[in-house]
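> Sharing a model that was predicted from the sequence below.
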Amino acid sequence: MIKGIIPLFIGILFSKVAFTQSKLNAQIDQVHKGFASFNIGIGAPIGNFASNSFNNYSAGYAKTGAMIDLTFGYKILPNLGITAMVRNQTNDIDIDEYAEDWEDFYESGSSGGDASVFVEAQPYRLNSFMIGIYGTFKITNKLSFEPRILSGYAIAVLPYMTEDIYNSGTHLITYYRESANSWTISSIIGVGVNYQLAEEVNLMFNVDYHAAVAEWKDVKTSYYGHITGTYENRYYDYARIFSIINTNIGLGYRF
């Protein structure tokens, strides 16, 4: 008799604890409908943005970079909320691959010889402000799954770049391309998991796809011929398709 009562008592106790915890979490969700989170991570370029194909006009030669963002959200329904994000995304240029492609180009031309190209460049930058919606679905009492989609405006930065070209050791030309800014549309679609560390503190892990198409008109490029001593300014148009897979982790504060 007693042996049968003890397991029953333990089962009732655990059920009571689980019910109480579930009720407590529901109350917390009702009290804390908003959140602010700070997130950092890495961004891997894909598609044309990562391409190092010399014959591809849209090739970005972009390398894996870093991102940082500040995200705000507020639940308007039990499983749906509105969100806003300010994000800074940076991706370096693969200057070694870029220089090698230019060396092959010059060596295959009419001048022949042994070409050497040295490149210095700042990173691509995408500074975005976006708004959107997110869902929140409980996996356990403390863990939730959160898809989201956002869109807004961004300032896309075409990097400053210099190229020094040598042929058989003779310094021929230096190119200076100015940095340029362009307003464009920026969008994100992603998913994340949210773990409740404390009543007001969450640990967040997110993966998203960040995209933007940018064009820069009449970007100034200066040419200096070292042998002739001549200097010339030319103006070119550029286009880049920012396509980036971001993985980030952050801390959120619920209010």
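Great, that's in hand. Residues are numbered from 1 along each chain as shown.

> Once you drop chain neighbours, what's closest to Y238?
W216 (4.7 Å; CB to CB, 6 or more residues apart in numbering). Glycine gets a C-beta too; all of them are placed from N, C-alpha and C.

> quick one: the one you found and S187, what's the gap?
Per CB to CB, to the nearest Å, W216 is found 20 Å from S187.

> what helix or strand is the residue nearest to L150 when sequence neighbours are not counted on?
Leaving aside its sequence neighbours, L150 sits nearest to G132 (CB to CB, 6+ apart; 3.2 Å). Secondary structure here is read from DSSP states H and E; on that basis G132 sits in strand 124-135.

> Can you list the strands that that strand pairs with?
strand 80-91 (antiparallel), strand 143-158 (antiparallel) (DSSP bridges).

> Adding mean neighbour count and mean pLDDT, write those strands out as CSV.
Below are the strands paired with strand 124-135 laid out as CSV (neighbours: other CB atoms under 10 Å; pLDDT from 0 to 100):
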stretch, mean neighbour count, mean pLDDT
strand 80-91, 19, 98
strand 143-158, 18, 98
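
> who wins for proximity to S58 among those?
strand 143-158 (12.6 Å; CB to CB).

> Next SSE downstream of that closest one?
Counting by DSSP H and E, what follows strand 143-158 is strand 161-167.

> Kindly export that next one (C-alpha atoms) in PDB.
Extracted as PDB, the C-alpha positions of strand 161-167 are listed here (Å, rounded to 0.1, in the frame of the first residue of the first chain):
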ATOM      1  CA  MET A 161      41.000  51.200 -52.800                       C
ATOM      2  CA  THR A 162      44.500  51.700 -54.100                       C
ATOM      3  CA  GLU A 163      46.300  49.600 -56.700                       C
ATOM      4  CA  ASP A 164      50.000  49.900 -57.600                       C
ATOM      5  CA  ILE A 165      51.000  48.200 -60.900                       C
ATOM      6  CA  TYR A 166      54.500  47.100 -61.700                       C
ATOM      7  CA  ASN A 167      55.900  45.500 -64.900                       C
END
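
> Name the residues of it that are buried.
161, 163-167 (16 or more other CB atoms under 10 Å).

> If you count contacts, what does it end up packed against?
helix 95-107, strand 115-121, strand 170-177 (3 or more CB pairs under 8 Å, 6 or more residues apart in numbering; DSSP states H and E).

> Adding mean neighbour count and distance to S53, write these out as CSV.
As requested, those are exported to CSV (neighbours: other CB atoms under 10 Å; distance: least, CB to CB, whole Å):
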stretch, mean neighbour count, distance to S53
helix 95-107, 16, 9
strand 115-121, 18, 17
strand 170-177, 16, 20
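
> Indicate which one of those is closest to I76.
strand 115-121 (44.2 Å).

> Please save the CA atoms from the closest one in CSV.
Backbone C-alpha positions of strand 115-121 (Å, rounded to 0.1, in the frame of the first residue of the first chain) are rendered in CSV as follows:
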residue,chain,number,x,y,z
ALA,A,115,53.3,42.0,-63.8
SER,A,116,53.0,42.7,-60.1
VAL,A,117,49.9,44.3,-58.5
PHE,A,118,49.7,45.5,-54.9
VAL,A,119,46.3,46.3,-53.5
GLU,A,120,45.1,48.0,-50.3
ALA,A,121,41.4,48.4,-49.5
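
> picking up where we left off before, right, so of the helices and strands packed on strand 161-167, which gets closest to Y235?
strand 170-177 (10.6 Å).

> Give me the sheet partners of the closest one and which way each runs.
Paired strands of strand 170-177, defined by DSSP bridges, are strand 161-167 (antiparallel), strand 201-225 (antiparallel).

> rewinding a little: dump the strands paired with strand 124-135 into a markdown table; add distance to Y74 as well.
Formatted as a markdown table, those follow (distance: least, CB to CB, whole Å):
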| stretch | distance to Y74 |
| --- | --- |
| strand 80-91 | 6 |
| strand 143-158 | 13 |
